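# fold the following and give me the result.
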Amino acid sequence: MSSFTVGGLATGIDYNDLISKLIEVKRRPIDILESKKSSYNEKMNSYSELSSKLASLKSAVNKLRLGATFYVRTATTSDETVVESTATGAASVGNYAITVTTLASAEKEVHNGTGLASPSDVVNSSGSDKVFQYTYDGTQRTLSVPEGTTLEGLKNLINDDIDNPGISATLVNDGSNERMVLTGNDTGSSKNITVDAGTTLDGSGGTSDFTAAAFTENKTAANADFTIDGLQISRETNSIADVISGVTITLKKEDSTANISVASDNEEIKKQIEEFVTAYNDVMSFIADNTAYDSTTKESGILSGEATVRNIQNSMRSAVSGSVSGLSGALSLLAEIGITTDYKTGNLEMNSTTLETELGSHLDDVADLFTDSSNGIAKQIYDYTGTITSSIDGSITLRKDGLQDVIKNISDTIRNMEFRLEKTEDDLVRKFTALESLVSNYTTIGNFLTNFSTRA
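Numbering: from 1, shown residues only. This is a model prediction of the structure:
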């Protein structure tokens, strides 16, 4: 707006106040547009919040839509010093007897440490580069050991080798000598370490002896051997997930026996269903609050009249109240497991006693109600929430894009109107300035004539 002012000494008129009031009247259409723009921005924010709540609902039903995540199993062990166990929803309820014969182990090769009292002792003072060569799990490495390399340096050459196939070198002081220990990083009978014939650190010509003869195998690479219900099994590791479906066992103690029991954790399944109910109600309450009419303020919610929101509300209600067709079990409705819809609020209400009873007596039927690959309730809601919140063509995204276009058009219109209003104010300032100047001139002439007449 113009920064010029118009004096009113000649006319006694406060032109600045007059111009301000005229501009205020002409600004009212802009104020109306600003209010509309604010309302559309608020609507955009509400859609973003709704989208966030739908994402939380999608996350909650994701736990219920597949059998592997709907079912929650617990695995308990009679003696955890012998074996530990965990179970996923894919595990079958049952009991298993495990006998551990031997544990899987990694190989350890220990150097004799002859002539090496400190990590700083030089292992190659021959005047030329030498070689340390070894094989691990079928992969051979040949390392160049420069003149002047210390025991610590040889250790680092092994550990820092980018093509190291899987061994670690450490130094241990036995009280007299500093001894290098080569340890395989993995267990299993195939994970052997051999120091090979290509090694030229052989104890001659100013070198320390790091040939195979200078190493002792302190630990042999071995598989774990155990039985499950009398079936003999061998594996390369002590953590085993491919023997009992859905159960991971970790062997801990040799020549020992323990029992594993896998059971259904219905209380945890109930919690997952409660999380779904809470997330669903959060969405529906948000929609209700933002579409309601306030009889006191005579105002409607910011999302009132939005077809996108109304469609979401109707689709969600349909998903939770309809019958799931094609199921072979005794259940086909959420109401049959104690989850009903409040006809006033549209929210879900849960009867914990009924749900616990059905989980205890018809667990698989409850699971089918949610997980059925065609019509399961969790699948329906998961797919629907994913569709409407898609960042590409989801109905919420498309509606927000439309609102953004409207906001941009309003902003452009306001910008143009502000420009024209500024020109109008400038024109008023010029016109009233000219008027004040004209009146001032007339006043000057009048005063002159009056004075002239008086002297005459």
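# what does stretch 320-331 rub up against?
With CB atoms under 8 Å, 6 or more residues apart in numbering as the test, stretch 320-331 has contacts from 280, 332-334, 336-337, 339, 341, 348, 358, 362, 364-366, 368-369, 372, 374-377, 381. All C-beta atoms are positioned from the backbone trio N, CA, C, and that covers glycine.
# just give the nearest non-adjacent residue to the residue nearest the centre of the chain, would you?
In the chain, the centroid-proximal residue (CA atoms, centre = their mean) is residue 59; its distance is 10.8 Å. Among residues not flanking residue 59 along the chain, residue 279 sits closest, at 7.6 Å (CB to CB, 6 or more residues apart in numbering).
# my guess is the one you found meets residue 56, correct?
Yes. With contact defined as CB atoms under 8 Å, residue 279 and residue 56 form a contacting pair (5.1 Å).
# look at these two and report which has more neighbours.
In this view residue 279 and residue 56 are compared by other CB atoms under 10 Å, and residue 279 has more residues nearby, 21 against 15.
# could you confirm residue 263 falls within a strand?
Yes. Counting by DSSP: H, G, I helix; E, B strand; the rest coil, residue 263 is found in a strand.
# please enumerate the helices of the stretch 351-456 of the chain.
Under the criterion DSSP state H, counting those that start in this stretch, the stretch 351-456 of the chain contains helices at 352-361, 363-371, 377-388, 395-455.
# excluding chain neighbours, give the residue nearest to residue 355 in space.
Distance criterion CB to CB, 6+ apart; nearest residue to residue 355, sequence neighbours excluded, is residue 338 at 4.4 Å.
# roughly how far does that neighbour sit from residue 404?
Distance, residue 338 to residue 404, using CB to CB, to the nearest Å: 43 Å.
# who has more neighbours, these two?
Using other CB under 10 Å as the criterion, residue 338 and residue 404 rank with residue 338 on top: 18 against 13.
# thought that one was touching residue 366?
No. Assessed by CB under 8 Å, residue 338 is found out of contact with residue 366, at 10.3 Å.
# which residues does residue 124 bridge with?
Listed by DSSP bridges, the beta-bridge partners for residue 124 are residue 207.
# pretty sure it contacts residue 144?
No. The criterion here is CB under 8 Å, and residue 124 misses it with residue 144 at 10.2 Å.
# shared neighbours of the two, anything?
With contacts taken as CB under 8 Å, 6+ apart, the residues that reach both residue 124 and residue 144 are residue 130.
# follow-up on the earlier one: overlap in contacts of residue 338 and residue 366?
Common neighbours of residue 338 and residue 366, counting by CB under 8 Å, 6+ apart, are residue 358.
# list the contacts of the nearest residue in space to residue 144 that is not next to it in sequence.
Nearest residue to residue 144, sequence neighbours excluded (CB to CB, 6+ apart): residue 129, at 5.2 Å. Residue 129 makes contact with 144, 145, 146, 147, according to CB under 8 Å, 6+ apart.
# one more: residue 261?
Contact analysis of residue 261 by CB under 8 Å, 6+ apart lists 75, 76, 77, 78, 94, 95, 96.
# closest to residue 275 out of those residues?
Checking those against residue 275 with CB to CB, the nearest one is residue 75 at 23.0 Å.
# can I see the domain layout of the protein?
Following automatic domain parsing, one finds the domains of the chain at 1-72+265-442, 73-104+223-264, 108-219.
# quick one: mean pLDDT over stretch 240-253.
The pLDDT scores in stretch 240-253 average 96.
# and that stretch, how far apart are its ends?
Taking CA to CA, to the nearest Å, stretch 240-253 runs 14 Å from one end to the other.
# list the buried residues of it.
In terms of neighbour count (16 or more other CB atoms under 10 Å), stretch 240-253 has its buried residues at 240, 244, 246, 247, 248, 249, 251, 252.
# could you verify my assumption that the first one touches residue 224?
Yes. In terms of CB under 8 Å, residue 240 counts as a neighbour of residue 224; the distance is 7.3 Å.
# gap between residue 228 and residue 251?
Distance of residue 228 to residue 251, given as CB to CB: 11 Å.
# no wait, residue 344
Distance, residue 344 to residue 251, by CB to CB: 58 Å.
# likewise for residue 147?
Here residue 147 is placed at a distance of 47 Å from residue 251 (CB to CB).
# same thing with residue 258?
Residue 258 sits 10 Å away from residue 251, taking CB to CB as the criterion.
# quick check: neighbours shared by the two?
The contact sets of residue 258 and residue 251 overlap at 82, 83 (CB under 8 Å, 6+ apart).
# just to revisit the earlier point, let me know the pLDDT of the residue nearest to the centre of the chain.
We have a pLDDT of 96 for residue 59.
# for it, what is the enclosing helix or strand?
helix 15-62 (DSSP states H and E).
# what packs against that helix?
Contacts defined by 3 or more CB pairs under 8 Å, 6 or more residues apart in numbering; DSSP states H and E place helix 15-62 against helix 266-291, helix 307-321, helix 377-388, helix 395-455.
# just to revisit the earlier point, overlap in contacts, residue 240 and residue 224.
Contacts common to residue 240 and residue 224, judged by CB under 8 Å, 6+ apart, are residue 251.
# do I have it right that residue 115 meets residue 207?
No. If you go by CB under 8 Å, residue 115 and residue 207 don't touch, sitting 10.3 Å apart.
# which of the two has more neighbours?
Counted by other CB under 10 Å, residue 115 and residue 207 do not tie: residue 207 has more neighbours, with 20 against 12.
# quick check: that one vs residue 20, distance?
According to CB to CB, residue 207 and residue 20 sit 98 Å apart.
# do residue 26 as well
The gap separating residue 26 from residue 20 is 11 Å, by CB to CB.
# do the same with residue 210
To residue 20, residue 210 is 95 Å away according to CB to CB.
# these two: which has the busier surroundings?
Each of residue 210 and residue 20 has its neighbours counted (other CB under 10 Å); residue 210 has more, 27 against 13.
# so what pLDDT did the more buried one get?
98.
# doesn't residue 199 make contact with it?
Yes. If you go by CB under 8 Å, residue 210 and residue 199 touch, sitting 5.9 Å apart.
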